[in-house]
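[1] Okay, here's the prediction I keep looking at, along with the sequence it came from:
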Amino acid sequence: MNKLLNGAAVCALTFALASQAAATEWNASVWGKRRAFTEHVEKIAELVSEKTNGEFTINVSYGGLSKNSDNLDGISIGAFEMAQFCAGYHPDKNRAITVLELPFLGVDTLKEEVAVSRAVYAHPAVAKEMAQWNARMLMTSPMPQYNLVGTGEPRDTLESFEGMRVRATGGLGKAFEAVGAVPTSVTATEAYNAMESGVVDTVAFAQHAHLSYGTINKADWWTANLNPGTVNCPVVVNIDAYDALSDAEREALDGSVDEALDYYLENYAKLLARWDEILAEKGVKKVMFTPEVLAEFKAKAADPAREAWVKDMEAQGIPGQELYDLVMTTLEKERASN
């Protein structure tokens, strides 16, 4: 009897160990704190666990695994399996997707941002460049057009931008530079301190980030309709880790992307709906630019930036014109389908 019991115990232990070994656990590196910008990462982790009965889990870490500007490097060496990053943090490492950060692209909604990002992410030039970092595109983190918060007297003309110190990365920084401002690319987590210490006069963010990083609390005014562009922040996975997934795990991950993005869009819409109320609560003045000023800004920033970007990309062997045209045709198709 003892032998039988011992045999049963060994079998049970063996089964438990086998089950434990079969479970897949990933770490996802993001930063800041949980906010609208990370809700799709949280949602996909929830969905993947549900669909695999807890056999595939994703642990979301807010700054515990890496600095935000080092997340792509972490993916490349397999320090973690999933990460979010923003193209403007290291445009030299992700050149192809910086087409999505060109100023005044004309993207009006978060749904349009999802559409153009998906189209660009699927381009072979993007996949090839990301593969150099052992990274595979999973999904975008769609954000509305950036706008400024600032201190002191509101700046509502291009002349008032002269010498303005602005936290703006990537294409946005180039756009402000074109009208005389002085951009600095401090990371999102450093923006509040830069504003508080006077290193910058203004900060360009989407609404959720002004809330999350506290820059709205230092602001006297907000540009409601400047809308010069946005930044592009993909969520990527380590290629080796992705390839090591079982078919069921891979299906659970890929099959949850649409649902996670839908959840993100729904959640972000709630924030946008109460934005004016937030401004009023904090005593932040809303600045509106005239159509003439906006047209002048676009003329000085958009065409020169696009032409310079295309020329630079083509010189590096990246199909810049093709990528830009892809964004434009995707926008047309998206609007025609609505």
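    Ah, there it is. Numbers count the residues shown, from 1 in each chain.
[2] C-alpha only now, for contacts and for neighbours.
    Fine.
[3] who's in contact with Val284?
    216, 219-222 (Cα atoms under 8 Å, 6 or more residues apart in numbering).
[4] Export these to TSV and append columns for neighbour count.
    Formatted as TSV, the contacts of Val284 follow (neighbours: other Cα atoms under 10 Å):
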residue	neighbour count
Ile216	26
Ala219	24
Asp220	18
Trp221	22
Trp222	24
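[5] Which single one of the residues you listed is nearest to Leu253?
    Ranked by distance to Leu253 (Cα to Cα), those are led by Ile216 at 35.4 Å.
[6] pLDDT value on the closest residue to the closest one other than its chain neighbours, please?
    Using Cα to Cα, 6 or more residues apart in numbering and skipping residues adjacent in sequence, the residue nearest Ile216 is His210, 5.1 Å away. The score at His210 is 95. That number is its pLDDT.
[7] looking at this, His210 is in a helix?
    Yes - counting by DSSP: H, G, I helix; E, B strand; the rest coil, His210 is part of a helix.
[8] hang on, the earlier thing: out of the contacts of Val284, name the ones that lie in strands.
    If you go by DSSP state E, the contacts of Val284 have 221-222 in strands.
[9] Quick one: the helices in this protein, in order.
    2-22, 39-51, 71-76, 110-121, 124-131, 170-178, 191-196, 207-212, 239-243, 247-254, 257-273, 275-282, 291-315, 320-337 (DSSP state H).
[10] buried set for the shortest one?
    What it means is helix 239-243. Buried positions in helix 239-243, judged by neighbour count with 16 or more other Cα atoms under 10 Å: 239, 241-242.
[11] got a list of contacts for it?
    So helix 239-243 is contacted by 81, 131, 134-136, 250 (Cα under 8 Å, 6+ apart).
[12] Could you tell me which of the residues you listed count as buried?
    Buried, going by 16+ other Cα under 10 Å: 81, 134-136, 250, out of these.
[13] Would you format the residues you listed as JSON lines with pLDDT and distance to Glu292 included?
    Output for those, formatted as JSON lines (pLDDT from 0 to 100; distance: Cα to Cα, whole Å):
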{"residue": "Glu81", "pLDDT": "98", "distance to Glu292": "48"}
{"residue": "Asn134", "pLDDT": "98", "distance to Glu292": "46"}
{"residue": "Ala135", "pLDDT": "98", "distance to Glu292": "43"}
{"residue": "Arg136", "pLDDT": "98", "distance to Glu292": "42"}
{"residue": "Arg250", "pLDDT": "98", "distance to Glu292": "51"}
